[in-house]
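Student: Here is a sequence together with a model predicted from it:
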Amino acid sequence: MTAHAELQWGRTHIAYSVTRSARKKTLAIRVEPDGSVHIVAPPAVADERIASLVRKKAAWIVERQRRVADVPPKPTPREFVSGETFLYLGRQHRLRVRAGADPGVKLVAGYLEATVPRGVADEARRALVRSLLEDWYRAHAVERLPERLAEWSAKLGVQPKALLIREPQKRWGSCDAAGNIRLNWRIIQAPRKLVDYVVAHELAHLAHDDHGRAFWALLGRVMPDYEERREALRKAGGGMVW
């Protein structure tokens, strides 16, 4: 049987589940890929001792949850056919695939309209639609993300060397030692608040290259609700990776 509990660590609420196991001799704590916290404990261990462990490990738990939130989830299967929905700046748009002479994607009356040549076999057509969608999203990321970078650079008082739009498999963004900011083009699917979280997060690394207290303090000064944004990104991420 699994019980659920919660404690507060600073401004952060840590919810966790507890499973009792007679085969377990010591307490074990883990943070799951979805960010949830799970404790396995011997039957005789008191709830107070479990809570004490969670409080002792709170910094580690929160850091693990932050890492989970900042990593794109595994891709969700898509067919790339009419009727599917795709996000753009937080809004859902239904895909409409049509035959025509000028291949490409346009946003038309709330639809993402993908035009493909006539006579293309189903499998090849789906691959082409995916490619066209990626090109469309990349182009819009190149167009829209620099303005977000400029605004948050000014707020943080930092100056990146360059903005590079890429497709890392395990990150929404990164900052290298040379001062280059790399952003995953997929983030352009998210609402602007979540785009801004990723942008500000990476820019803050220009001042602090680790995830220590100084880093989070700097981010918190310009974005007090960064924890809520990070959690929202974790929940929304599954719809943006395909």
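Tutor: Now that the structure is in, tell me what you want to look at. Computed from a predicted model, the values in this text were never measured in an experiment.
Student: Show me what the helix or strand of the chain with the lowest mean pLDDT is packed up against.
Tutor: Taking mean pLDDT, DSSP states H and E as the measure, the chain has helix 58-69 as its least confident helix or strand, at a mean of 83. Contacts defined by 3 or more CB pairs under 8 Å, 6 or more residues apart in numbering; DSSP states H and E place helix 58-69 against strand 12-20, strand 28-31, helix 226-236. Yep, even glycine has a C-beta here, placed from its N, CA and C like the rest.
Student: List phi and psi for the residue of the chain most remote from its centre.
Tutor: The centre of the chain is farthest from one residue, Ala44, which by CA atoms, centre = their mean lies 38.9 Å away. Dihedral angles of Ala44 (phi, psi; degrees, to the nearest 10) stand at phi -80, psi -10.
Student: what's the distance between whichever strand or helix holds Leu7 and the middle of its chain?
Tutor: Using DSSP states H and E, Leu7 maps to strand 2-9. Centre-to-centre, strand 2-9 and its host chain are 24 Å apart (CA atoms, centre = their mean, to the nearest Å).
Student: Pull up the pairing partners for that strand, direction included.
Tutor: Using DSSP bridges, the strands paired with strand 2-9 in its sheet are strand 12-20 (antiparallel).
Student: what comes into contact with the partner strand?
Tutor: With CB atoms under 8 Å, 6 or more residues apart in numbering as the test, strand 12-20 has contacts from 1-8, 29, 36-43, 47, 50, 54, 58, 61-62, 227.
Student: Just the buried residues from those residues, in PyMOL please.
Tutor: Applying 16 or more other CB atoms under 10 Å to those leaves a buried subset, and the PyMOL line that selects it is:
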select buried, resi 29+37+39+40+41+50+54+58+61+62+227
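Student: Tell me which other helices or strands the one helix or strand Arg138 maps to touches.
Tutor: Element membership for Arg138 (DSSP H and E) is helix 122-156. When contacts are defined as 3+ CB pairs under 8 Å, 6+ apart, helix 122-156 packs onto strand 85-88, strand 91-99, strand 104-108, strand 111-116, strand 162-166, strand 180-184, helix 192-204, helix 213-222.
Student: what about the second one, average pLDDT?
Tutor: Which is strand 91-99. In this model, strand 91-99 carries a mean pLDDT of 97.
Student: Quickly list the domain ranges of the chain.
Tutor: Listed by automatic domain parsing, the domain ranges of the chain are 2-69, 85-239.
Student: Please work out which of those is packed deepest.
Tutor: Most buried of those by mean neighbour count (mean count of other CB atoms under 10 Å) is domain 85-239; its value is a mean of 16.
Student: on that earlier part again, make TSV out of the helices and strands packed on helix 122-156 and add distance to Ser131.
Tutor: Below are those laid out as TSV (distance: least, CB to CB, whole Å):
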stretch	distance to Ser131
strand 85-88	14
strand 91-99	13
strand 104-108	10
strand 111-116	10
strand 162-166	16
strand 180-184	17
helix 192-204	23
helix 213-222	36
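Student: What residue, apart from its backbone neighbours, is nearest Ser174 spatially?
Tutor: Arg182 (4.7 Å; CB to CB, 6 or more residues apart in numbering).
Student: wait, doesn't the one you found sit right on Ala162?
Tutor: No: using CB atoms under 8 Å, Arg182 is not in contact with Ala162, being 9.2 Å away.
Student: residues contacting the nearest residue to Ile188 once chain neighbours are set aside?
Tutor: With sequence-adjacent residues excluded and distances taken as CB to CB, 6+ apart, Ile188 is closest to Ala141, at 4.2 Å. For Ala141, the contacting residues are Ile165, Leu183, Trp185, Ile187, Ile188, by CB under 8 Å, 6+ apart.
Student: could you redo the last one with a cut-off of 10 Å?
Tutor: Residues near Ala141 by CB atoms under 10 Å, 6 or more residues apart in numbering: Leu163, Ile165, Arg166, Leu183, Asn184, Trp185, Arg186, Ile187, Ile188, Gln189, Val195.
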